[in-house]
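Chemist: quick one, structure for this:
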Amino acid sequence: MSELMVFDEVREAIVMSGGEEIQKCMQCGVCAGSCPWGRMEEKSEFNVRSMFHMGRLGYDGYESDDFLFACTTCNQCAVRCPRGIKIPEVVRSMRSVIAETGGIPKNLKAVIGSINSQGNPWSQERSERAAWMKDMEVPEYTPDKEYLLFVCCTSAYDGRSQKVAKSVVELLKAAGVSFGVIGVEEQCCGESVRKIGAEEEFTKLAEYNIDLYNKKGVKKIITTSPHCYYTFKNEYPEFGGEFEVYHYTQLLDELLAQGKLKLSKPVNGKVVYHEPCYLGRHSKAFDAPRNLMGAVPELQLVEFDGNKDNSLCCSGGGARIWMETKAGQRFSDVKVKEAAEKEAQVIATACPYCIVMLEDSLKNLNKDDVMTVKDISEILKESL
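Modeler: Residues are numbered from 1 along each chain as shown. Predicted coordinates:
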C-alpha cells in the first residue's frame, strides 16, 4: 500500500478536527454568493467555495490572513447551504489544523498569549476583571442566587462596553432578578479562541470555567454577549458543562411579558436595529430584542433592508475584531451608510463586538456627530 500523500493527511486532519462535513460539499457556490465579502466596494481574495475546495484537496494556500482568517463566521452561507453544512464549524476545524503548526496571524497570536497569561484576550490584568463594578453595588454570586451574570471580557475591560454591563445590572435589579457575579476568578469563555483554531487553549478555558461554576453551584447563566451565550449553550456541554443559558435580552423579554420589567419613560428618536450574528442567525433569537425595544414608549424602531437571517455582519466575529480590515472592505461601514440613509439617530445592537465595529465606522465616515451606537440595555435603562 502506498503512503498517504500530504494532501490526504491534511484533509484527514480537518475531518478529525470536527470538519467532517467538508466532505458533503458539492461545490455549488451558494456559499460564495451569500458571503458578505462579495458585497464590498474593494475586492477581497476570500472565497469560501474556493477555501472548501482547497481544504478538501489538502492544499496549504488557504492559511493566509486574507483567506482562511478572513471568515467572520457570520453563518450567512450556512443558512443557505443546500446540504445543510455547518460552514463555520468547518472553518474552525481548518483553522485548528493551521494553529497546530503555528501558522495563525500575528495579531491572533497576541490574543492567545493574553489568554494564557491573563485569562482574557485584551491584554489586560487578570486582577482588573471586576473593575467595571467600581462605584456600583453588584451582588456576589452565592448558591442561593438563581442566576450567574457572566460579563464578557469586552464588557469587563473596555471602557465603552463597561456601560453595557452596568446597564444590564440595573435592569436585572429593577426586575427583581436574583443574580450575582463571580468576578476575578472567572476567565474568558473562550469563544474567539476557538474561532482562531486554538483548541487546546479553548479546552483549558472551558474545563476551568465549568469546574469553577460547578463548585459555586451555578445552574443558570445570563450573558451580556451573544458570543458567550452561544459558547456556554452549544459548546460547553461537550466538556460536561450543562447550564441553562440566557442572553440578557431573552430573560428581559420574559420578565417584560410577566410584568416584572416596566418600561415607562419615553425615549424619543428613530432607532435602527443591527442584528448580531451570534444572537440572530446562529441562535435564532430574533424576537426578544425587538419586543423589548417595541415596549419603549415613543421609540421609533426601523429595520435594515437585510435583517434577521439576511442581516449583514459587522465583521467583528470569527476573531476579526483583532485584525485590520481595509477601507472599502468593512461590513460595518455599509451598515452605517444604510442607517444614515434611513435617517436613524441610533444604531441599536446587543453585542459588544458590534458596538466596537459600528462605532469605529461612525468615526471613519464622520457620522458620529449625527448618529450614535447603543446597546439595547442602554436604551431600556433610559426607559426605566
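Chemist: residues contacting residue 323?
Modeler: Residue 323 is in contact with 65, 69, 105, 107, 108, counting by CB atoms under 8 Å, 6 or more residues apart in numbering. To be clear about C-beta, it is placed using only N, CA and C from the backbone, and glycine gets the same treatment.
Chemist: you'd agree the fourth one is up against residue 325?
Modeler: No: under the criterion of CB atoms under 8 Å, residue 107 is not in contact with residue 325, lying 11.5 Å apart.
Chemist: between those two, which one's more packed in?
Modeler: Between residue 107 and residue 325, counted using other CB atoms under 10 Å, the more crowded position is residue 325 (21 against 16).
Chemist: quick check: phi and psi at the more buried one.
Modeler: Main-chain torsions, residue 325, degrees, to the nearest 10: phi -130, psi 130.
Chemist: now it: closest residue in space that isn't a chain neighbour?
Modeler: Closest residue to residue 325 in three dimensions, ignoring its sequence neighbours and counting by CB to CB, 6 or more residues apart in numbering: residue 315, at 6.2 Å.
Chemist: I'd assumed residue 330 was in contact with the one you found.
Modeler: Yes: with contact defined as CB under 8 Å, residue 315 reaches residue 330; the gap is 6.0 Å.
Chemist: what do the two both touch?
Modeler: Counting by CB under 8 Å, 6+ apart, the residues touching both residue 315 and residue 330 are residue 357.
Chemist: what's near enough to touch the closest residue to residue 87 other than its chain neighbours?
Modeler: Using CB to CB, 6+ apart and skipping the chain neighbours, the partner closest in space to residue 87 is residue 78 (4.5 Å). Counting by CB under 8 Å, 6+ apart, residue 78 touches 31, 85, 86, 87, 88, 281.
Chemist: looking at residue 315 and residue 330, which one has more neighbours?
Modeler: Using other CB under 10 Å, the more surrounded residue of residue 315 and residue 330 is residue 315, with 28 against 21.
Chemist: any idea how far residue 39 is from the more buried one?
Modeler: The gap separating residue 315 from residue 39 is 11 Å, by CB to CB, to the nearest Å.
Chemist: over to residue 20?
Modeler: Going from residue 20 to residue 39 by CB to CB gives 30 Å.
Chemist: also residue 220?
Modeler: The gap separating residue 220 from residue 39 is 39 Å, by CB to CB.
Chemist: the two: who's more crowded?
Modeler: Neighbours around residue 220 and residue 39, counted as other CB under 10 Å, are more numerous at residue 220. The numbers are 15 against 11.
Chemist: that one against residue 148, yeah?
Modeler: Yes: Residue 220 is in contact with residue 148 according to CB under 8 Å; the separation is 7.0 Å.
Chemist: look up phi and psi at residue 244.
Modeler: According to degrees, to the nearest 10, residue 244 has phi -90, psi 120.
Chemist: wait, I meant residue 88
Modeler: With angles defined as degrees, to the nearest 10, residue 88 sits at phi -60, psi -30.
Chemist: which residue, other than its chain neighbours, is closest to it?
Modeler: Distances taken as CB to CB, 6+ apart place residue 73 nearest to residue 88, at 3.9 Å, with adjacent residues excluded.
Chemist: tally of neighbours for the one you found?
Modeler: By other CB under 10 Å, the residues close to residue 73 number 25.
Chemist: center of the protein, which residue is that?
Modeler: Closest residue to the average C-alpha location of the chain: residue 227 at 3.5 Å, with CA atoms, centre = their mean.
Chemist: show the contacting residues for it.
Modeler: Per CB under 8 Å, 6+ apart, neighbours of residue 227: 152, 189, 191, 192, 278, 317, 351, 353.
Chemist: which residue ranges make up each domain of the protein?
Modeler: Domain assignment for the chain, taken from automatic domain parsing, gives 6-100, 108-254, 263-382.
Chemist: adding mean pLDDT, write those domains out as a markdown table.
Modeler: Output for the domains of the chain, formatted as a markdown table (pLDDT from 0 to 100):
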| stretch | mean pLDDT |
| --- | --- |
| domain 6-100 | 83 |
| domain 108-254 | 97 |
| domain 263-382 | 97 |
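Chemist: tell me the SS of residue 339?
Modeler: Here residue 339 is helix, with the state taken from DSSP: H, G, I helix; E, B strand; the rest coil.
Chemist: which residues touch it?
Modeler: Applying CB under 8 Å, 6+ apart to residue 339 gives the contacts 272, 304, 347, 371.
Chemist: identify the farthest-apart pair in those.
Modeler: Using CB to CB, the contacts of residue 339 span at most 13.7 Å, a distance reached by 304 and 371.
Chemist: what about stretch 112-132, distance to the chain center?
Modeler: Centroid displacement of stretch 112-132 relative to its chain, using CA atoms, centre = their mean, to the nearest Å, is 18 Å.
Chemist: again, but for stretch 211-228
Modeler: Offset of stretch 211-228 from its chain centre (CA atoms, centre = their mean): 16 Å.
Chemist: cool, stretch 13-25 as well?
Modeler: Computed by CA atoms, centre = their mean, the separation of stretch 13-25 from the middle of its chain amounts to 23 Å.
Chemist: got the contact list for that stretch?
Modeler: 11, 52-53, 55-56, 83, 85-86, 89-90, 92-94, 96-97, 199.
Chemist: if we use 10 Å, what do you get?
Modeler: Residues from elsewhere that reach stretch 13-25, judged by CB atoms under 10 Å, 6 or more residues apart in numbering: 11, 31, 48-49, 51-53, 55-56, 58, 78, 81, 83-87, 89-100, 197, 199, 238.
Chemist: kind regards, and thank you for your time.
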